[in-house]
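A.B. asks: Could you look at this predicted model? Sequence included:
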Amino acid sequence: MTAVTMASPADARRRTRSGSGRLAGTGTLLRLALRRDRIIMPIWVLVLGGSFSSVGKSLASLYDTAGRRAELAASMNGNSSLRAMYGPVFDDSVGGLVSWRMVAFGAALAAVMNLIVVVRHTREEEETGRQEMLSSAMVGRLAPLTAALLAAVVADVALALVIVAGMAGSGAGGAGAVALALAVAGVGLLFACTAAIAAQFTESARLAKGLTAAVIGAAFVLKAAGDSTTDDGSSVLTWLSPIGWAENVRAYADERWWVLLVVAAAIAVQAAVAYALTGRRDVGMSFLATRPGPAEGRISTAFGLALRLQRGALIGWTLSFAAVGFVFGGLTGGAADLVGDNEKTREIFERMGGQAGLTDAFLATMVSMLGMVAALYIVASALRPHGEETTGRAEPVLAAGVGRIGWAAGHLVIAFGGAALLMLVGGLGLAAGYGHDLPAVLGAALVQLPAIWLLGGVTVLLYGALPRAAAAAWGVAGVCLALGWLGPAIDVPQAVMNVSPFTHLPRLPGGTGMEWGPVFALTAVAVVLTGAGLGALRRRDVLN
């Protein structure tokens, strides 16, 4: 028999005390991370990066003369509400208009991509116990964090290359394309470091994602507030936001390359903080310990437990929808100023929001956007039982006499009911910001629910029948979001647009009026999908 000698904890600490020891296994973990993300990462990169060239071609078609582009720039810079959403126009070339239209949203979406990558390969690995298993091998203390950040670097470099290639293909290449790509990718990497810091403070991947998403939202709000007061990006509030830094790189408008040094410095500082924090805690632990709660009273039921677990996220989403709805409502009055006499732009809004006047079309577009964002909430909330199951927390609950259907139903009530609450609050905020037509705007918001619930049903079906592929629900929601956001602008064929359930809803307010057939049909499909998912959950084994 061969004797096996186990190293003592003291020996392991001495072995990993050196810099090289602390990074041992980084390459292996990086390859593992890239393999796990081999599908979702290319989708993010290609869809987000490709949207820049698509918007460039669309803008070149819509504003095909220098006079029209100059008119758009003057209209945007003179409207504080629209500046808050998109930022000021620094140059009226096609490339400059793409930068105006995409830099803020592109940087924010790149930040979301990075937070998903980093949290997945740091805190989520610790939460599920996989990191502890890996750390028992020859893996250095800093290797998991380093591999996660390097995976984010790979994604950001790929995104930058796709943006540069796409802009060159649309006829707007050169230094401006490089500056735009570096600004977007740089802000994305900056928030990867923010996510790495958040992962040190919470014991839950969900909370780490929530904290980072809140910082991204705050950065966008700061940029919007600053841009609403000035038309040149010089506001202090704009400069307090990393998204504002991307804007102030001024791609295609005498590029400010030195702003990228500010981004690089912020990345270095946040990375140093993340490394310092990860070296001062044990695997699986956090600096903000989870507060234990009572085991009696309201959480003695499956629904009470689900509410306890999801109430923080629901409150955050609700407050965000109220604020965003109010801002969107305030932008409605400036819709006509944005469009002016450009018939092609008017056609885009009408394709997104119906054929009943520009104001109603704009409101319908904003309502549809709220609905598509609410779809992200229902996917996240409906997947919460999957997270409870994979981390082993569901098994003790189910062993205590709680049925699977009752346990899952508690979470699904929060998911489907929470989506209804979000659209109610978002509709009220939209009507308050607009200042008119409360019943019509609120009704238009609630009409989005069947499509949202259908995506929730898809999520439940995937979780119940194919639990190891449940994350594909994010891809389904992402496709619907991409079609709703970019489809009308680049004139995607109707057959492709019909893939999204939101395409089949009546365009309210305005449009051709209320059509109950699609509403009932989508609701019925959502019920069938949810029932099928619960039935599959009841028959299969619990994940180990």
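C.D. replies: Looks like it came in fine. Only a predicted model underlies this, so the values are computations on that prediction, with no experimental measurement involved.

A.B. asks: hmm, who's touching the helix or strand containing Pro385?
C.D. replies: Pro385 belongs to helix 384-390 when assigned by DSSP states H and E. The contact list for helix 384-390, computed with CB atoms under 8 Å, 6 or more residues apart in numbering, reads 128, 205-206, 306, 309-310, 394-395, 397, 407-408, 411, 414-415, 463, 467, 470, 542-543. (C-beta placed from N, C-alpha, C; glycine too.)

A.B. asks: try 7 Å
C.D. replies: Helix 384-390 has contacts (CB atoms under 7 Å, 6 or more residues apart in numbering) with 128, 206, 309-310, 394, 408, 411, 463, 467, 470, 542-543.

A.B. asks: ok, Ala420 touching Gln448?
C.D. replies: No: between Ala420 and Gln448 no contact is recorded; they are 10.0 Å apart, counting by CB atoms under 7 Å.

A.B. asks: residues in contact with the residue lying closest to Gly50 once chain neighbours are set aside?
C.D. replies: Counting by CB to CB, 6 or more residues apart in numbering, the nearest residue to Gly50 once its immediate chain neighbours are dropped is Gly166, at 5.9 Å. Gly166 makes contact with 49-50, 52-53 under the criterion CB under 7 Å, 6+ apart.

A.B. asks: circling back: of Ala420 and Gln448, give the one with the bigger neighbour count.
C.D. replies: For Ala420 against Gln448, the residue with the higher neighbour count under other CB atoms under 10 Å is Gln448, and the figures read 28 against 17.

A.B. asks: Just give the closest residue to the more buried one, not the sequence neighbours.
C.D. replies: The shortest distance from Gln448 to any residue other than its chain neighbours is 3.1 Å, reached at Gly371 (CB to CB, 6+ apart).

A.B. asks: does the one you found belong to a helix or a strand, and which?
C.D. replies: Assessed by DSSP H and E, Gly371 sits inside helix 358-382.

A.B. asks: remind me which residues of the stretch 1-150 of the chain are low pLDDT?
C.D. replies: Of all residues in the stretch 1-150 of the chain, those with pLDDT under 70 make up the ranges 1-20, 79, 81-82, 128-137.

A.B. asks: Show me where it has its helices.
C.D. replies: Under the criterion DSSP state H, counting those that start in this stretch, the stretch 1-150 of the chain carries helices at the ranges 9-15, 19-22, 26-36, 40-62, 66-77, 80-86, 94-120, 123-127, 130-135, 143-169.

A.B. asks: Ok, which of the ones you listed comes nearest Ala219?
C.D. replies: Distances from Ala219 to each of those were compared using CB to CB; the minimum, 7.8 Å, belongs to helix 94-120.

A.B. asks: what angle separates that closest one from helix 40-62?
C.D. replies: What separates the directions of helix 94-120 and helix 40-62 is an angle of 160 degrees, with axes from the mean of the first three to the mean of the last three CA atoms, to 10 degrees.

A.B. asks: Determine the set of other helices and strands touching helix 94-120.
C.D. replies: Taking 3 or more CB pairs under 7 Å, 6 or more residues apart in numbering; DSSP states H and E as the contact definition, the neighbouring helices and strands of helix 94-120 are helix 40-62, helix 80-86, helix 143-169, helix 175-201, helix 205-229, helix 242-248.

A.B. asks: what comes up buried for that helix?
C.D. replies: For helix 94-120, the buried set under the neighbour-count rule, 16 or more other CB atoms under 10 Å, comprises 94-120.

A.B. asks: show me where pLDDT drops low in the stretch 401-544 of the chain?
C.D. replies: Scanning the stretch 401-544 of the chain with the threshold set as pLDDT under 70 gives 486-492, 510-513, 543-544.

A.B. asks: rerun that using 80 as the cut-off
C.D. replies: 401-402, 434-437, 478, 482-494, 496, 507-514, 541-544 (pLDDT under 80).

A.B. asks: Quick check: chain neighbours aside, which residue is closest to Gly329?
C.D. replies: Nearest-residue entry for Gly329: Gly433, 2.3 Å, with adjacent residues in sequence omitted and distances by CB to CB, 6+ apart.

A.B. asks: The one you found: which element?
C.D. replies: Of the helices and strands defined by DSSP H and E, Gly433 is found in helix 404-434.

A.B. asks: Just want the angle from that helix to helix 358-382.
C.D. replies: Angular relation of helix 404-434 and helix 358-382 on a 0 to 180 degree scale: 150 degrees, by the same axes, to 10 degrees.

A.B. asks: and after helix 404-434, which helix or strand comes next?
C.D. replies: Proceeding C-terminally, helix 404-434 gives way to helix 438-446 as the next helix or strand, assigned by DSSP H and E.

A.B. asks: What are the contacting residues of the helix or strand following that following helix?
C.D. replies: Sequence order places helix 449-465 as the next helix or strand after helix 438-446, per DSSP H and E. Outside helix 449-465, the residues that touch it by CB under 7 Å, 6+ apart are 371, 374-375, 378-379, 382-383, 385-386, 412, 415-416, 419-420, 423, 469-470, 472-473, 476-477, 480, 501-502, 505, 519, 522-523, 525-526, 529-530, 532-534, 536-537.

A.B. asks: Quick check: buried residues in the helix or strand following helix 449-465?
C.D. replies: Under the assignment DSSP H and E, the closest C-terminal helix or strand after helix 449-465 is helix 472-486. Using 16+ other CB under 10 Å as the test for burial, helix 472-486 gives 473-474, 476-478, 480-486.

A.B. asks: What ranges in the stretch 251-400 of the chain fall below the confidence cut-off?
C.D. replies: Scanning the stretch 251-400 of the chain with the threshold set as pLDDT under 80 gives 279-302, 327-365, 390-396, 398-400.

A.B. asks: contacting residues around the residue most central in space within the chain?
C.D. replies: Note on the chain: the residue nearest the mean C-alpha position is Val112, at 4.9 Å, using CA atoms, centre = their mean. Taking CB under 7 Å, 6+ apart as the contact definition, Val112 lies against Ile216.
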